[in-house]
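Asks: Build the 3D model from these lines:
(chains A and B)
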Amino acid sequence: SQTIHQWPATLVQPVGSPLSLECTVEGTSNPNLYWYRQAAGRGLQLLFYSVGIGQISSEVPQNLSASRPQDRQFILSSKKLLLSDSGFYLCAWTRGGAGNSPLHFGNGTRLTVT
Amino acid sequence: GNSVTQMEGPVTLSEEAFLTINCTYTATGYPSLFWYVQYPGEGLQLLLKATKADDKGSNKGFEATYRKETTSFHLEKGSVQVSDSAVYFCALSSGAGSYQLTFGKGTKLSVIP
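Replies: You can find the predicted model right below:
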């Protein structure tokens, strides 16, 4: 069966510090991978998605970036965090297009920027 | 562009009460519609889905019918339990081959004994 791992579960970082969140998927190959952010009262916002190694699409311009160095690994990064980057970050995967395959989410990382 | 509007929460119900969470959407073409549930401290899980007009998705006693004429996908359950306390998200995809879902803001449900 497929599983998705996301870490760390919680993170407190000062403004201006770097960020690296990692997500890995097991039990499937060539998944589509996604990073979402969930801010209080604002629902889910798609940040990045990837349909293959090295292929990243950005949905929202900001100081975050994503990389996919391996087929089942997806990393969310920032060189300098802002207070507004605080939120709950969710990694997800699908098999094929999201319209015909459900999104499977990790348990999320709660990021607090102080 | 696509958008999803859900009723504002939080919603507080007594155990065994009837639940309705309203969801309406705006989309071009023929979207697929979803309800996701997020239990405290966890990621989202797919609850149910419908891929064409008049389809009814159902799971764990929850139901939602894809109404194209009213562009709605309301979530219902006849008798809620304390374990149903969670945040519920309505979402749409613009169809097969789409690479993203558009989510509503979520509705927090609290069920009290």
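Asks: buried stuff in stretch B:86-105?
Replies: Of all the residues in stretch B:86-105, those buried under the rule 16 or more other CB atoms under 10 Å in any protein chain shown are B:86-95, B:98-105. (Glycine included, C-beta is placed from N, CA and C.)
Asks: Show me which residues of chain B sit near chain A.
Replies: Counting by CB under 8 Å from any CB of the partner chain, the residues of chain B close to chain A are B:31-32, B:34, B:36, B:41-46, B:49, B:51, B:89, B:93-101, B:103-106.
Asks: run the last query once more with 10 Å
Replies: B:4, B:6, B:8, B:30-32, B:34, B:36, B:38, B:41-47, B:49, B:51, B:87, B:89-106 (CB under 10 Å from any CB of the partner chain).
Asks: How about the contacts made by residue B:81?
Replies: B:15-16, B:60-61, B:111, B:113 (CB atoms under 10 Å, 6 or more residues apart in numbering or on different chains).
Asks: Where do the helices of chain A begin and end?
Replies: Secondary structure of chain A, counting by DSSP state H: no helices present.
Asks: can you list the weak-confidence ranges in it?
Replies: Within chain A, the segments meeting pLDDT under 70 span A:41, A:61, A:96-100.
Asks: how many other residues sit next to the spatially closest residue to residue B:56 that is not a sequence neighbour?
Replies: Leaving aside its sequence neighbours, residue B:56 sits nearest to residue B:65 (CB to CB, 6 or more residues apart in numbering or on different chains; 4.7 Å). Residue B:65 has 17 neighbours, counted by other CB atoms under 10 Å in any protein chain shown.
Asks: thinking residue B:65 is in contact with residue B:50, fair?
Replies: Yes: at 7.2 Å, residue B:65 counts as touching residue B:50 under the criterion of CB atoms under 10 Å.
Asks: anything in contact with each of the two?
Replies: Joint contacts of residue B:65 and residue B:50 (CB under 10 Å, 6+ apart) are B:33, B:56-58, B:73.
Asks: If you rank the residues you listed by neighbours, which is first?
Replies: Top of the shared contacts of residue B:65 and residue B:50 by neighbour count (other CB under 10 Å): residue B:73, with 30 neighbours.
Asks: next one: phi and psi at that residue?
Replies: phi -150, psi 70 (degrees, to the nearest 10).
Asks: Show me what residue 36 is bridged to.
Replies: Looking at chain A here, since you left the chain open. Under DSSP bridges, the beta-bridge partners of residue A:36 are residue A:46, residue A:90.
Asks: could you do chain B instead?
Replies: residue B:46, residue B:89.
Asks: what about it, neighbour count?
Replies: With other CB under 10 Å as criterion, residue B:36 counts 25.
Asks: which residues does the most centrally placed residue in chain A contact?
Replies: For chain A, residue A:35 is the residue whose C-alpha lies nearest the centre (CA atoms, centre = their mean; 2.8 Å). By CB under 10 Å, 6+ apart, residue A:35 lies in contact with A:6, A:21, A:23, A:45-50, A:56, A:58-59, A:64, A:66, A:74-76, A:89-92.
Asks: Same check on residue A:104?
Replies: Neighbour list for residue A:104: A:2-4, A:25, A:28, A:31, A:34, A:91-95, B:43-46 [criterion: CB under 10 Å, 6+ apart].
Asks: again, but for residue B:80
Replies: Per CB under 10 Å, 6+ apart, neighbours of residue B:80: B:11, B:13-19, B:61-62, B:109-111.
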